[in-house]
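A.B. asks: Take a look and give me a structure for this.
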Amino acid sequence: MGSFSIWHWLIVLVVVLLLFGRGKIPELMGDMAKGIKSFKKGMADDEESAKDDVVKTVEHSNEEAVREAKQNAKS
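C.D. replies: All right, here's what the predicted structure looks like:
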């Protein structure tokens, strides 16, 4: 009662093959692999876009602020 015997696993295998057919299982595995690759590519694109989003900004100052800074530097 604790574990399945080889006969239990064979019956499960036969039922799965009857439900999905021999050609459907590799097709499902291929679709799953494509999904995983797409997910990984999306995660890599997100990391690259996050790096690109870091923008260094420079505050623009008007002429009066520049003159005041020069006068303060001289004193």
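A.B. asks: Next one, pLDDT for Ser38 please.
C.D. replies: You'll see Ser38 listed with a pLDDT of 92.
A.B. asks: so how many other residues sit close to it?
C.D. replies: Number of residues near Ser38 (other CB atoms under 10 Å) recorded here: 10. For the C-beta atoms, the positions are set from N, CA and C on the backbone; glycine is no exception.
A.B. asks: show me where pLDDT drops low in this protein?
C.D. replies: 1-2, 50-62, 75 (pLDDT under 70).
A.B. asks: Not counting its own residues, what contacts the strand or helix carrying Trp7?
C.D. replies: Under the criterion of DSSP states H and E, Trp7 resides in helix 6-20. Identification of contacts with helix 6-20 by CB atoms under 8 Å, 6 or more residues apart in numbering yields 25, 28.
A.B. asks: all helices of the chain, in order?
C.D. replies: Taking DSSP state H as the criterion, the chain carries its helices at 6-20, 24-53, 63-74.
A.B. asks: got the angle between the longest one and helix 6-20?
C.D. replies: Going back to what we said before, that points to helix 24-53. Counting by axes from the mean of the first three to the mean of the last three CA atoms, to 10 degrees, helix 24-53 lies at 80 degrees to helix 6-20.
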